[in-house]
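A.B. asks: Quick one, what's the 3D model for this:
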Amino acid sequence: MPPLTAVTIAPARRLRGRLRVPGDKSISHRYAMLAALADGLSMMTHFAPGADCRSTLACLRRLGVEIKEGSAGTVSVMGRGLLHLSSPAAALDAGNSGTTLRLLSGILAGQPFATTIGGDASLSRRPMRRIIEPLERMGARVESSDGRPPLTIHGTALHAIAHRPEVPSAQIKSAVLLAGLLADGTTSVVEPAATRDHTERALVAFSGTVHLDRLTVSVPGRQRLTGRPLSIPGDFSSAAFWLVAAAALPGSRVEIEEVGLNPTRTALLDVLRRFGARVTVEPIADRDEAAGEPRGLVAVECDRMGSIEIAPAEVPGLIDELPAIAALAAHGGEVTVRGAAELRVKESDRIAALVAGFRALGLEADERPDGFTIRGGRPMRGGVADARGDHRMAMAFAIAALAAEQPSTIDGADAVAISYPNFFETLDRLTS
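C.D. replies: Got it, this is the predicted structure:
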């Protein structure tokens, strides 16, 4: 079907249904990259279908990695070992994917050649100094456009460092740990606050060694990784939009099967309980235990609605779910987020985009340097909201628009292809 440049969302009374969301985007990136560095074949099922993970696969192919794609999200990768990627003939294109660019930069820093990696206009505006600085401390030389992509990474023999990021970021941590795999010695990252741990779990899944000591993660360099079969759970951040909608619309019940239940990703469930929803979680026992990524069934029903305040300490565990949480306000109550300045350097300035979009739909919304307040509790007229090329904006506005008095339009709705290509088809099914 043609790209959904704009889509109209009709008001809905409730959402009901059982579904499985696309494979986890964060895990798919990491499995593909580690599979490329491993020895032997890795077979992955339920690989994320969105454009971001396609960018990772395309970049790996340009680096000489043999990748085959089958039906139903099956991807096989023939690993080349830690230091045997090939110098690409042209610059690598990460598209809109900050994860691709940041994590792959860590790997490229230890390869014996120079590589340029860039992306689209949105990615080219995103700051990269937080990965450039530690990679240069490890011995690589990185050229940039005033700290922004494209990056030209002059790979070299790396040495280990102990890195203390200024802000909690799983992508920064992962870039340094992946570079540490290629370095002499043991590389460590001391986080200011815990972030998602998919890289650490993925390393163990590929028979790697990771040392954990509270907020310190350490990786010995030059260790051998081994390819293996892996099943990827459903993406919790994609499921978040359906869970929020079910929590907000009376009479709703949505069940998500095989969704990832990594404890660094599921803080939203407690937020929905605070909002007043009924939340049920049924883990699947002993499923793919060696990979260390738990999964199960999550069901959410609307019960009552309240107000939600997200404190700064909660933000690292909710960073990708904050747009979905903001949509709760459209259905009643109030949502306040503080300490989330990191949202301004995502695929869009998500603080500005959220406030502008919700105002366009008829909600009261206030913007602050590090967050926002969205106020519901009165009829929302509906309108036209601009997703600004950001997949999470498009989905958040769609969930909010369900509460409007009249149909609403989401401009730039085709951005959902970045992570959830069939989002709108699923919305139609759950609301019909």
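
A.B. asks: can you pull the contacts of the residue lying closest to L135 once chain neighbours are set aside?
C.D. replies: Once flanking residues are discounted, L135 sits nearest to A109: 4.5 Å by CB to CB, 6 or more residues apart in numbering. For every residue, glycine as well, the C-beta is placed using N, CA and C. By CB atoms under 8 Å, 6 or more residues apart in numbering, the contact set of A109 is 135, 138-140, 142, 153, 155-156, 158, 179, 182.

A.B. asks: now do P407
C.D. replies: Contacts of P407 (CB under 8 Å, 6+ apart): 8-11, 382, 401.

A.B. asks: Go again with 6 Å.
C.D. replies: 8, 10 (CB atoms under 6 Å, 6 or more residues apart in numbering).

A.B. asks: now do the one 5 residues further on
C.D. replies: G412 is in contact with 387, 389, counting by CB under 6 Å, 6+ apart.

A.B. asks: Is A162 bridged to anything, and to what?
C.D. replies: Counting by DSSP bridges, A162 is bridged to S188.

A.B. asks: ok, it touching S188?
C.D. replies: Yes. Look at A162 against S188 with CB atoms under 6 Å: they come within range, at 4.7 Å.

A.B. asks: So the two - more neighbours on which side?
C.D. replies: S188 (19 against 14; other CB atoms under 10 Å).

A.B. asks: quick one: the more buried one and A35, what's the gap?
C.D. replies: For S188, the distance to A35 (CB to CB, to the nearest Å) stands at 24 Å.

A.B. asks: that older thread, looking at the contacts of A109, spot the one nearest G95.
C.D. replies: Of all these, G95 sits closest to I153, with 17.6 Å by CB to CB.

A.B. asks: Is the closest one in contact with T115, as I believe?
C.D. replies: Yes. Taking contacts as CB under 6 Å, I153 lies within contact range of T115: 5.3 Å.

A.B. asks: coming back round to it: angles on the backbone of the residue nearest to L135, please.
C.D. replies: A109 adopts backbone torsions of phi -60, psi -30, taken as degrees, to the nearest 10.

A.B. asks: Could I get the phi/psi values of A91?
C.D. replies: phi -60, psi 150.

A.B. asks: Is there a neighbour count for it? I'd like the number.
C.D. replies: Neighbour tally, A91, other CB under 10 Å: 15.

A.B. asks: And for E301?
C.D. replies: So E301, with other CB under 10 Å, has 17 neighbours.

A.B. asks: And the pLDDT for it?
C.D. replies: If you check E301, the pLDDT there is 96.

A.B. asks: which stretches of the stretch 51-200 of the chain form helices?
C.D. replies: Listed in chain order, the helices of the stretch 51-200 of the chain (DSSP state H, counting those that start in this stretch) span 51-62, 98-108, 129-137, 170-181, 198-205.

A.B. asks: where's the residue nearest to L135 relative to A415, distance?
C.D. replies: 30 Å.

A.B. asks: Ok, T74 next?
C.D. replies: 26 Å.

A.B. asks: Between those two, which has more neighbouring residues?
C.D. replies: Using other CB under 10 Å, the more surrounded residue of T74 and A415 is A415, with 28 against 13.

A.B. asks: What pLDDT does the model give that one?
C.D. replies: Reading off the model, A415 has pLDDT 94.

A.B. asks: again with R304
C.D. replies: For R304, pLDDT reads 81.

A.B. asks: Wait, it touches G276, no?
C.D. replies: Yes. Assessed by CB under 6 Å, R304 is found in contact with G276 at 3.8 Å.

A.B. asks: Among those two, which residue is more densely surrounded?
C.D. replies: Neighbour totals were compared for R304 and G276, and G276 leads with 17 against 12 (other CB under 10 Å).

A.B. asks: if I pick the more buried one, what's in contact with it?
C.D. replies: Counted by CB under 6 Å, 6+ apart, G276 has contacts 303-306.

A.B. asks: Export the residues you listed to CSV and append columns for distance to F241 and secondary structure.
C.D. replies: Formatted as CSV, the contacts of G276 follow (distance: CB to CB, whole Å; DSSP: H, G, I helix; E, B strand; the rest coil):
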residue, distance to F241, secondary structure
D303, 19, coil
R304, 21, coil
M305, 17, coil
G306, 20, coil
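
A.B. asks: quick one: which of the residues you listed is most hemmed in?
C.D. replies: M305 leads the contacts of G276 on contacts (other CB under 10 Å) with 20 neighbours.

A.B. asks: Show me what the residue lying closest to H211 once chain neighbours are set aside is bridged to.
C.D. replies: Leaving aside its sequence neighbours, H211 sits nearest to S218 (CB to CB, 6+ apart; 4.2 Å). S218 has these beta-bridge partners by DSSP bridges: S188, H211.

A.B. asks: With A160 as the reference, measure out to S218.
C.D. replies: For S218 relative to A160 (CB to CB), the value is 9 Å.

A.B. asks: joint contacts of the two?
C.D. replies: In contact with both S218 and A160: T186, using CB under 6 Å, 6+ apart.

A.B. asks: For stretch 302-309, give me every contacting residue.
C.D. replies: By CB under 6 Å, 6+ apart, stretch 302-309 touches 247, 249-250, 252, 275-278, 332-336.
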